[in-house]
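Student: Have a look; sequence and predicted model below, questions after that.
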Amino acid sequence: MTSVHFAHPLALALLAVAPALAAMFRYGDTRRRAALTKFGARTAPHRKRTAKRALVIAAAALMVLAIARPVESAATAPSATGDVVFLLDVSRSMLSRDVVSDAVPKVAPNRLRRAKQIVGDIAAQIASQPGVQRLGLIAFAGNSAVLCPLTIDLDYFRETLDAATLDSVTRGGSRIGDALRFALNNGFDDVRRGSKDLVLLTDGGDQDSGPQQAAQALARSGIRLTVIGVGDPDRGIEVPLSENDNLPFIYNGAAVLTRLESAELRAIGGAYWEANGAFDTAAVVRRLAARSGAGGTETREEYYPLLLALAAILLAVECLISERSPRHDTGSRNARRTVTAAMALAACALPIRAQSAAEWIRQGNDAFAIHEYEIAATCYRNAAGIVPASPQVQFDLGIANYKSGGYTAAAQAFARAAERATDPNLQAKSLLGEGNTFFRAASAGDPSDAVHALQRAIDLYSSALSSDPKLQDAAYNREIARKKLEDLKRQRRSDAAKDYATSSMRREQPATSDPNEILKDAKQQRAKQQIPRRGVATDW
């Protein structure tokens with residue numbers, strides 16, 4: 001919907017200047033005619049003078065309208081963008097294996113693997129949809145942890161998804177309500193998107209954490225909830241000790257049984273699906289792809305530059321009109337100069353539409369989605385020039401530069417993102433990215449500089465762990481960097497020892513390679529050793 005309004009409507013009162021100018025000109029004409037009549041001169045209507053004054057009055061009116069600032073506002077449709085955060089249950093009960101059917105004694109993968117497979121399939125289909133989607137991953141059991149903040153990097157999302165285990169959180173249990181509230185506060189940011197969705201994958205069994213109240217808070221924040229129940233709701237399954245040990249988990253002398261609590265999950269609210277047997281991934285994707293109607297933006301078009309340009313043109317035309325006859329018109333040259341200046345002013349005042357940061361980010365996301373990383377980096381760089389304080393833009397710029405092989409630029413962007421980030425998770429991811437750039441530089445650069453690059457990478461990984469102790473990628477990469485650094489130092493020590501041995505052998509080697517000369521030199525050396533030396537007086 002389009003509407004035009006004035007940003008400063010009170011300024012329209014200044015339109016009274018136009019009739020005031022007309023009255024002043026009329027008063028001047030009356031005095032002029034009276035003076036001419038007094039001297040007996042004949043007065044005649046002067047059309048040029050009337051045209052000049054009309055142009056001045058019109059220019060004044062246009063300038064008043066420019067001061068009032070007419071603005072055209074248009075509400076745009078919701079953008080084809082969205083955020084999808086997956087809330088993955090990693091409690092011990094998710095290790096249970098549900099029997100597929102009685103007729104075929106086939107044992108399915110455990111619930112956690114099944115849930116991760118569903119998340120991967122949904123993420124792949126979402127990434128193939130038109131528009132740009134950001135994906136995030138949160139693991140929960142007795143507490144919650146952000147494994148992957150919102151990102152457009154599908155490969156990185158898959159890496160964190162594959163790494164999700166029971167050890168991703170520090171406390172066992174199943175507190176779904178607390179996990180929903182954690183996702184509301186830590187899973188999403190303030191960027192306006194076409195839709196925001198939270199996908200919960202769990203087998204139920206909440207421990208009185210109030211999931212219904214948390215779901216209502218999500219709805220009030222404009223976040224749509226989708227619940228996917230994983231497991232068999234009809235029979236209980238033994239909970240194993242671990243993923244590699246199928247012995248039952250014993251509590252109070254009895255094996256612990258678990259089943260899908262479908263009734264409890266339905267009561268939470270939102271759309272509900274069961275992942276028991278065949279699962280319709282496409283239906284979930286269609287719901288996630290549907291826009292909620294929120295996230296539309298309002299575009300504003302300012303018209304005051306155009307009004308000022310028109311006023312300048314009218315004043316220029318007024319200067320071209322001369323009340324004197326052509327033979328007495330000595331000011332035509334000055335008039336032409338005035339017109340030239342007025343035209344230049346009008347050209348400068350014409351509105352020039354510049355792309356906003358959101359448009360540059362959208363173009364960068366589109367380029368990133370089709371693996372045009374250099375183009376994406378250029379778009380993110382332009383967006384960063386408009387919103388330099390945004391850590392998310394700097395983080396995206398770092399990823400794009402890293403993907404395109406510009407490790408130096410990536411390190412600088414990650415450093416700016418880490419410096420400006422207020423979210424510990426984003427800060428930790430930025431430090432991790434900066435550390436990865438130094439690790440890559442150590443692998444591709446001069447071995448003499450590799451030691452310093454690896455040491456810098458280790459320090460950055462440690463800083464990332466200080467910001468987010470649960471960031472397993474930083475811990476893993478730090479160990480790899482330490483091992484590589486030790487291997488590099490050991491190789492340098494070995495090379496130094498070889499160089500020393502080689503130089504020693506060269507010093508001991510005879511100057512000549514002729515065997516006869518070598519034998520002659522050896523005989524002379526032995527003869528010198530057999531000749532006794534006399535003492536020589538030192539007071540001569």
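Tutor: Thanks, I have the structure now. Numbers count the residues shown, from 1 in each chain.
Student: What count of nearby residues applies to Pro305?
Tutor: Taking other C-beta atoms under 10 Å as the criterion, the count of residues near Pro305 is 15. No exception for glycine: its C-beta is placed from N, CA and C like everyone else's.
Student: what's the distance between it and Ala311?
Tutor: 11 Å (C-beta to C-beta, to the nearest Å).
Student: Could you do Gln394 as well?
Tutor: Counting by C-beta to C-beta, the separation of Gln394 from Ala311 is 43 Å.
Student: Which one's more surrounded, those two?
Tutor: Gln394 (28 against 25).
Student: To which secondary structure element is the more buried one assigned?
Tutor: helix 391-403 (DSSP states H and E).
Student: other SSEs contacting that helix?
Tutor: Applying 3 or more C-beta pairs under 8 Å, 6 or more residues apart in numbering; DSSP states H and E, we find helix 391-403 packed against helix 357-369, helix 373-386, helix 407-420, helix 424-444.
Student: As JSON lines, these with mean pLDDT would be great.
Tutor: Shown next, in JSON lines, are the helices and strands packed on helix 391-403 (pLDDT from 0 to 100):
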{"stretch": "helix 357-369", "mean pLDDT": "83"}
{"stretch": "helix 373-386", "mean pLDDT": "87"}
{"stretch": "helix 407-420", "mean pLDDT": "89"}
{"stretch": "helix 424-444", "mean pLDDT": "86"}
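Student: closest to Leu241 out of these?
Tutor: Closest to Leu241 of the helices and strands packed on helix 391-403, according to C-beta to C-beta: helix 424-444, at 31.4 Å.
Student: after that closest one comes which helix or strand?
Tutor: helix 447-467.
Student: pLDDT of that next one, averaged?
Tutor: When pLDDT is averaged over helix 447-467, the result is 83.
Student: next one: stretch 19-27
Tutor: The model assigns stretch 19-27 a mean pLDDT of 87.
Student: how about that stretch: buried residues?
Tutor: Buried residues in stretch 19-27, defined by neighbour count with 16 or more other C-beta atoms under 10 Å: Leu21, Phe25.
Student: re the thing from before, give me the angle between the helix holding Gln394 and helix 373-386.
Tutor: If you take axes from the mean of the first three to the mean of the last three C-alpha atoms, to 10 degrees, helix 391-403 sits at 150 degrees to helix 373-386.
Student: could you give the angle of helix 391-403 to helix 424-444?
Tutor: Using the same axes, to 10 degrees, helix 391-403 lies at 20 degrees relative to helix 424-444.
Student: what angle separates helix 391-403 from helix 407-420?
Tutor: In terms of direction (the same axes, to 10 degrees), helix 391-403 departs from helix 407-420 by 160 degrees.
Student: And helix 391-403, what's buried?
Tutor: 391-403.
Student: what residue ranges in the stretch 101-250 of the chain score low on pLDDT?
Tutor: Counting by pLDDT under 70, the ranges of the stretch 101-250 of the chain that qualify are 101-108, 130-132, 191-193.
Student: All the helices of it, residue numbers only.
Tutor: Per DSSP state H, counting those that start in this stretch, the stretch 101-250 of the chain carries helices over the ranges 111-127, 154-162, 176-186, 211-220.
Student: Tell me which of those helices is the most buried.
Tutor: Comparing those by mean neighbour count (mean count of other C-beta atoms under 10 Å), helix 176-186 ranks first with a mean of 22.
Student: wait, what's in contact with Ala475?
Tutor: By C-beta atoms under 8 Å, 6 or more residues apart in numbering, the contact list for Ala475 reads Tyr461, Leu465.
Student: Looks to me like it is in a helix.
Tutor: Yes - the assignment for Ala475 (DSSP: H, G, I helix; E, B strand; the rest coil) places it in a helix.
Student: Next one, pLDDT for it please.
Tutor: For Ala475, the predicted pLDDT is 88.
Student: and if you look at the one 5 residues further on?
Tutor: In this prediction, Ile480 carries a pLDDT score of 87.
Student: Mean neighbour count, the helices and strands packed on helix 391-403: which tops it?
Tutor: Mean neighbour count (mean count of other C-beta under 10 Å) peaks for helix 424-444 among the helices and strands packed on helix 391-403, with a mean of 23.
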